[in-house]
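Trainee: what would the 3D arrangement of this be:
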Amino acid sequence: MKELRELLLAYLDERLLQIVVSGPRGEAQASRLRVRPVQIKGRLLFQVTRTVGPQELHENYDKEKLIGRLQEWILDYRQLQLEHSCAAGTVLVSKKGKLTVKVKKKEKPELMRPVSLAHNRKKQYILEPGEPVEFLVDLGVMTKEGRIVQAKYDKFRQVNRFLEFIQDVLPQLPRNRELTIIDFGCGKSYLTFAMYHYLKVQQGLDVRMIGLDLKADVIENCNRLAKKYGYEKLQFLEGDIAGYQGVDQVDMVVTLHACDTAIDYALAKAVAWKAGVILSVPCCQHELNRQISNDTLEPVLSYGILKERMAALVTDGLRAQLLEGQGYRTQILEFVDMEHTPKNLLIRAVRTGKNKDNRDKLRACMDALHVKPTLEQLLAAGAEAQPGAAADIRESEAEERKERKAAAASKACPDKQPGSERGDCL
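Mentor: Here you go, the predicted model:
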């Protein structure tokens, strides 16, 4: 606690940008604590925002009282991040309550920005309005003066929301070497550019980032923009993550809106790389929707839309638990995507190296629902360690789809003969 107190004594002043306490455990009621300086009637205080479910609760403390409260609160959380105009600090808390404190002073002038001490100020974003960011200007989200285009405010908020997820996992990423990040299914890459800008420009980290996508024209345009912005270590390649062999070590894997089982191949690859962090927003979870069945749940599953939603939730729940079994601590968080669809869950996994003993419970759950998730098969087969295994599973999936289609056609048209173009059904 002495090191934590010294950190807070040194940096709790008007130049503090923010403190974020996250990773609740034990008796913690708030999922997140955020601290910022405020000035009330000429007196410097610190506002603590506690996020409890959908609510945000605010309290103001003087410096000494806040130090005492943070020393109490920190034991119910995994980490504390401090951002100051002159330094960045991290506090990691072990299960036994041991604190590890690290501080890195900022030397680049651009990292030092003035702090607003207004009591009732607008929400603070990682990418602030009024500060032009070139890729947001090109996207039409910002004007050249840094004003947010009103019609694009939702997209601006969503980009910042994604960067908050990145901010939360910063303590899990090494700062003493080059970081390698893979973004699979990067598409037009506005979030890829946002990540690179945040980590490289704002945080001053040494980052190498690779965006993968199957569309050649998209890749060409993204590489052109990266060159235009001077993002030297941001590269876009055409390809599939399952077959990508360009790196041996990856620190973070990001996969947003890859459809159906494409997410599973990305997750299996990330596990094989022993990636420190995985951020995944699944999309179009069709696989288990075709498989799921249960006599007890049949009255509910008979409604197509409910079956689809239940299958999607089960898919992501099983994925998160399978990652737990591979040595990751996982969370499923709400993430509002760019298309404003209901598919807005994000799986965040941080590698701990401690495999959860959940195999029997997972097997019982999958057997009860009669499902065989692709991710389970990939991990069991060591698909990423055996180059032919992923192809075998994909071939098997294709055969299963073909058989299901033939069975459905036969059921719809029982007079159709094998090999014929059509039956006698009208």
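
Trainee: count the residues that sit near residue 313.
Mentor: The local packing of residue 313 (other Cβ atoms under 10 Å) involves 14 other residues. All C-beta spots, glycine's among them, are computed from the backbone N, C-alpha and C.

Trainee: do the same with residue 264
Mentor: Neighbour tally, residue 264, other Cβ under 10 Å: 28.

Trainee: kindly report the same for residue 356.
Mentor: By the criterion of other Cβ under 10 Å, residue 356 has 18 neighbours.

Trainee: that one: helix or strand, and which one exactly?
Mentor: Using DSSP states H and E, residue 356 sits within no helix or strand.

Trainee: state the pLDDT value of the residue lying closest to it once chain neighbours are set aside.
Mentor: Counting by Cβ to Cβ, 6 or more residues apart in numbering, residue 356 lies nearest to residue 324, which is 4.0 Å off, once chain neighbours are set aside. For residue 324, the pLDDT comes out at 95.

Trainee: same deal with residue 409?
Mentor: With respect to pLDDT, residue 409 has a value of 54.

Trainee: same question for residue 179.
Mentor: Turning to residue 179, the model gives it a pLDDT of 93.

Trainee: which residues are in contact with it?
Mentor: 173, 199, 205-208, 251-252 (Cβ atoms under 8 Å, 6 or more residues apart in numbering).

Trainee: who does it form a beta bridge with?
Mentor: Residue 179 has these beta-bridge partners by DSSP bridges: residue 207.

Trainee: would you map the helices across the stretch 301-426 of the chain?
Mentor: Remark: helices assigned in the stretch 301-426 of the chain by DSSP state H, counting those that start in this stretch are 304-324, 359-369, 374-381, 387-412.

Trainee: and residue 164, which of the three is it?
Mentor: helix (DSSP: H, G, I helix; E, B strand; the rest coil).

Trainee: stretch 234-247: how far from the chain's middle?
Mentor: Put simply, stretch 234-247 sits 19 Å off its chain's centre (Cα atoms, centre = their mean, to the nearest Å).

Trainee: and for stretch 272-283?
Mentor: Here stretch 272-283 shows a centroid-to-chain-centroid distance of 8 Å under the convention Cα atoms, centre = their mean.

Trainee: for stretch 160-176, same thing?
Mentor: On the basis of Cα atoms, centre = their mean, stretch 160-176 is displaced by 9 Å from the centre of the chain it belongs to.

Trainee: where do the helices sit along the stretch 1-150 of the chain?
Mentor: 2-11, 63-73, 134-138.

Trainee: so which of the ones you listed comes closest to residue 99?
Mentor: Set against residue 99 and scored by Cβ to Cβ, those come closest in helix 2-11, at 5.7 Å.

Trainee: which of the helices of the stretch 301-426 of the chain comes out lowest on mean pLDDT?
Mentor: Note on these: helix 387-412 shows the lowest mean pLDDT, a mean of 50.

Trainee: quick revisit: let's have the contacts of residue 179 in CSV, adding distance to residue 288, neighbour count and pLDDT.
Mentor: Output for the contacts of residue 179, formatted as CSV (distance: Cβ to Cβ, whole Å; neighbours: other Cβ atoms under 10 Å; pLDDT from 0 to 100):
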residue, distance to residue 288, neighbour count, pLDDT
173, 32, 18, 87
199, 34, 22, 91
205, 38, 17, 89
206, 40, 13, 92
207, 35, 22, 93
208, 35, 18, 94
251, 30, 22, 94
252, 27, 24, 95
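
Trainee: break this structure into its domains for me.
Mentor: 2-106, 240-409 (automatic domain parsing).

Trainee: out of the helices of the stretch 1-150 of the chain, deepest packed?
Mentor: Burial of the helices of the stretch 1-150 of the chain is given as mean neighbour count (mean count of other Cβ atoms under 10 Å); helix 134-138 ranks first at a mean of 18.

Trainee: for that one, what is the distance to the chain centroid?
Mentor: The chain centre lies 23 Å from the centre of helix 134-138; the measure is Cα atoms, centre = their mean.

Trainee: what's the answer for stretch 178-194, then?
Mentor: Here stretch 178-194 shows a centroid-to-chain-centroid distance of 12 Å under the convention Cα atoms, centre = their mean.

Trainee: can I get it in CSV, CA atoms only?
Mentor: Taking Å, rounded to 0.1, in the frame of the first residue of the first chain, the C-alpha atoms of stretch 178-194 are listed here in CSV:
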residue,chain,number,x,y,z
GLU,A,178,7.2,-4.1,-29.9
LEU,A,179,3.5,-5.2,-29.6
THR,A,180,2.0,-7.3,-32.4
ILE,A,181,-1.7,-7.0,-33.0
ILE,A,182,-3.8,-8.9,-35.6
ASP,A,183,-7.2,-7.5,-36.7
PHE,A,184,-9.0,-10.2,-38.6
GLY,A,185,-11.9,-9.2,-40.9
CYS,A,186,-10.8,-5.5,-40.6
GLY,A,187,-13.1,-4.3,-43.4
LYS,A,188,-12.9,-0.5,-43.9
SER,A,189,-10.8,-0.5,-40.8
TYR,A,190,-12.0,2.6,-38.9
LEU,A,191,-11.5,0.7,-35.6
THR,A,192,-8.1,-0.5,-36.8
PHE,A,193,-7.0,3.0,-37.4
ALA,A,194,-8.5,4.1,-34.1
